[in-house]
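*Asks:* sequence unknown, structure follows:
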């Protein structure tokens, strides 16, 4: 029987990437539906299902890229590329994660539908579309939007048009920032698609996505809908959001941001901005 360690198996699932799945909670937070136990339970189910399925997708991507990852200066340490987890064990884990995700989401056809689209898009990304400029980032962004829909439409929370618009632009901002951070690596370790992304073009895309995010979020925070539901609190979060995005852009231009989930947690100033945003938003209940 092939030998492997439990820590290597856990690393293979990339649990730190589950941070991206907090997009599932956006509808719950902004609709203030967390006091409804049934809705909260459905959102937690959606979060757990996306954790299982997203980990499955990461393992399949690692399996597909294991030969090229073995030649990469940092990716060669990934469990499949390094041999820390044998391929048969990794593939068996993908089956278990898929079954777990489907079982968790089995009570909601809408959630199963969104998970199916997520898997299909990511498989297409891994096998071919990550080499197509703009399409690659659009698929990354769609993953965030599917999480957002899983926490709204799929659980019975009507998605706000402002939430969807802001979510789209945040996702595009993170996607193009990821490509920008990757462009600082040595040419030998860069993604092939980066050859089609001149530095000035990536800077333009990032600036457009960030500007659109700040505009839509500000319009949302000052809209009658938000004023009625949240009072003045969201208005006071606008400077915090501006600071957070500017700080993240600064970190991206230092070569960080390739791993969005990990790099967001590494910067104490971004973490402080997140805590500040929560404190302002939850000030009514504190």
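*Replies:* Received it, and whenever you're ready, just let me know what you need. Computed from a predicted structure; not experimentally measured.
*Asks:* need the helices for the stretch 101-250 of the chain, in chain order.
*Replies:* 109-127, 135-150, 161-182, 199-221, 224-230, 233-252 (DSSP state H, counting those that start in this stretch).
*Asks:* Can you lay out these as CSV showing mean neighbour count and mean pLDDT?
*Replies:* To be clear about C-beta, it is placed using only N, CA and C from the backbone, and glycine gets the same treatment. As requested, those are exported to CSV (neighbours: other CB atoms under 10 Å; pLDDT from 0 to 100):
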stretch, mean neighbour count, mean pLDDT
helix 109-127, 17, 92
helix 135-150, 21, 92
helix 161-182, 22, 90
helix 199-221, 17, 94
helix 224-230, 13, 79
helix 233-252, 18, 93
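*Asks:* now these in CSV, with distance to residue 17?
*Replies:* As requested, the helices of the stretch 101-250 of the chain are exported to CSV (distance: least, CB to CB, whole Å):
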stretch, distance to residue 17
helix 109-127, 12
helix 135-150, 11
helix 161-182, 12
helix 199-221, 21
helix 224-230, 30
helix 233-252, 17
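*Asks:* what's the closest residue to residue 226 other than its chain neighbours in contact with, if anything?
*Replies:* Leaving aside its chain neighbours, residue 226 sits nearest to residue 234 (5.0 Å; criterion: CB to CB, 6 or more residues apart in numbering). By CB atoms under 8 Å, 6 or more residues apart in numbering, the residues touching residue 234 are 220, 221, 222, 226, 281.
*Asks:* Ok, residue 50 next?
*Replies:* 21, 24, 101, 115, 118, 147, 150.
*Asks:* longest helix in this structure, by residue count?
*Replies:* Secondary structure of the chain per DSSP state H: the longest helix is helix 37-64.
*Asks:* between that one and helix 109-127, what angle do the directions make?
*Replies:* Computed by axes from the mean of the first three to the mean of the last three CA atoms, to 10 degrees, the angle separating helix 37-64 from helix 109-127 equals 20 degrees.
*Asks:* Going toward the C-terminus from helix 37-64, what's the next helix or strand?
*Replies:* helix 66-69 (DSSP states H and E).
*Asks:* Mind listing what's buried along the longest helix of the chain?
*Replies:* With burial defined by 16 or more other CB atoms under 10 Å, the residues of helix 37-64 counted as buried are 39, 42-63.
*Asks:* now that helix: how far from the chain's centre is it?
*Replies:* 12 Å (CA atoms, centre = their mean, to the nearest Å).
*Asks:* tally of neighbours for residue 95?
*Replies:* Counted by other CB atoms under 10 Å, the residues lying close to residue 95 total 10.
*Asks:* do you know how far it is from residue 56?
*Replies:* To residue 56, residue 95 is 8 Å away according to CB to CB, to the nearest Å.
*Asks:* Next, the distance between the ends of stretch 18-25.
*Replies:* 12 Å (CA to CA, to the nearest Å).
*Asks:* With stretch 146-159 instead?
*Replies:* In stretch 146-159, first residue to last residue: 12 Å (CA to CA).
*Asks:* starting at the chain centroid, how far to it?
*Replies:* 15 Å.
*Asks:* and the longest helix of the chain with helix 135-150, angle?
*Replies:* Using the same axes, to 10 degrees: helix 37-64 against helix 135-150 is 160 degrees.
*Asks:* Span of stretch 15-28 from start to end?
*Replies:* End-to-end for stretch 15-28, by CA to CA: 22 Å.
*Asks:* which parts of it are buried?
*Replies:* In stretch 15-28, counting by 16+ other CB under 10 Å, buried: 17, 18, 20, 21, 23, 24, 25, 26, 27, 28.
*Asks:* How about the contacts made by the fourth one?
*Replies:* Taking CB under 8 Å, 6+ apart as the criterion, residue 21 is in contact with 47, 50, 51, 54, 147.
*Asks:* As JSON lines, the residues you listed with distance to residue 174 would be great.
*Replies:* JSON lines is the format used below for the contacts of residue 21 (distance: CB to CB, whole Å):
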{"residue": "47", "distance to residue 174": "19"}
{"residue": "50", "distance to residue 174": "16"}
{"residue": "51", "distance to residue 174": "19"}
{"residue": "54", "distance to residue 174": "15"}
{"residue": "147", "distance to residue 174": "12"}
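*Asks:* out of those residues, who's nearest residue 155?
*Replies:* residue 47 (10.3 Å; CB to CB).
*Asks:* right, and the closest one touches residue 26 too?
*Replies:* No. Counting by CB atoms under 8 Å, residue 47 does not reach residue 26; the two are 11.3 Å apart.
*Asks:* which residues do those two both contact?
*Replies:* In contact with both residue 47 and residue 26: residue 151, using CB under 8 Å, 6+ apart.
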